[in-house]
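Student: The following block contains a protein sequence and its predicted model.
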Amino acid sequence: MICVQETRAQSSQLKSTLFHPADYHCYYLSAVKKGYSGVALYARNQPDDVLEGFGSEEFDPEARCLELRFGELSVISLYIPSGSSSELRQQAKFRFLDSFKLYLKSLRRKSRQYIICGDWNIAHREIDLKNWRSNQKNSGFLPEERQWLDEVFEKLKFVDAFRVVDTRPDQYTWWSNRGQAWLKNVGWRIDYQIVSPEIKDKVCNAVIYKDGRFSDHAPLIMDYDYRLI
């Protein structure tokens with residue numbers, strides 16, 4: 001499966017075969033605002049169901065959450081807002097986090113297993129970004145954001161799948177386009193696959209793909225020993 005975030009495309013722009021690769025079932029969710037946000041999910045197996053949004057009147061129009069269901073497993077492509085452009089957007093990000101935490105709580109009450117894959121726009125710990133000291137007052141590493149992830153992992157018991165198999169420092173998924181951040185590996189790890197605790201033992205391997213440069217993010221590739229039923 002392939003999860004994509006920030007597609008910035010409307011459905012009318014996605015009719016080319018380029019956006020419907022062979023042997024994949026392709027699903028797109030577009031924001032009401034043109035050229036903004038949007039998520040996608042490609043799967044080799046046809047899903048049992050497709051769910052759009054997470055029940056937020058404010059944020060579902062921004063197309064930030066797309067879920068495919070396969071038996072007892074759900075795979076979600078998620079794009080959490082960035083708050084770096086202004087204080088107004090940071091406050092919107094906080095509202096999103098409050099709303100999405102309630103949604104995550106509801107998921108833990110269901111008899112399903114989840115892989116939530118995407119751009120979470122938060123570096124959790126000091127190990128997850130190069131210049132953590134100078135970024136403690138910046139969006140993406142604010143104490144409130146880090147505490148929110150603490151609650152996701154500690155109270156709700158979701159698992160950072162990458163850290164199950166890779167505990168090394170200097171493992172980043174995003175680099176600023178300014179300066180020589182990419183070349184010097186001055187980055188942030190803000191892209192996660194966060195999974196239900198039942199899937200923790202099924203995590204096999206993780207690779208941050210850096211052989212090619214596609215955007216300011218690098219693809220996070222993970223393998224699971226999981227058979228779809």
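Tutor: Perfect, thanks for sending it. Residues are numbered from 1 along each chain as shown.
Student: mind listing the helices in the protein by residue range?
Tutor: 87-108, 143-150, 161-165, 181-184 (DSSP state H).
Student: surely residue 19 meets residue 30?
Tutor: No - using CB atoms under 8 Å as the test, residue 19 is too far from residue 30 to be in contact (11.8 Å). For every residue, glycine as well, the C-beta is placed using N, CA and C.
Student: which residues does the residue nearest to residue 2 when sequence neighbours are not counted contact?
Tutor: In this structure, residue 2 finds its nearest non-sequential neighbour in residue 42, 4.2 Å apart by CB to CB, 6 or more residues apart in numbering. Residues in contact with residue 42 (CB atoms under 8 Å, 6 or more residues apart in numbering) are 1-2, 4, 21, 24-27.
Student: again, but for residue 93
Tutor: Contacts of residue 93 (CB under 8 Å, 6+ apart): 80-83, 121, 139, 145.
Student: repeat that for 7 Å
Tutor: Taking CB atoms under 7 Å, 6 or more residues apart in numbering as the criterion, residue 93 is in contact with 81-83.
Student: re earlier: just the contacts of residue 42: which are in strands?
Tutor: Among the contacts of residue 42, the members falling in strands (DSSP state E) are 2, 4, 25-27.
Student: measure residue 8 to residue 224 for me?
Tutor: Per CB to CB, to the nearest Å, residue 8 is found 29 Å from residue 224.
Student: actually residue 205, not the one I typed
Tutor: For residue 205 relative to residue 224 (CB to CB), the value is 9 Å.
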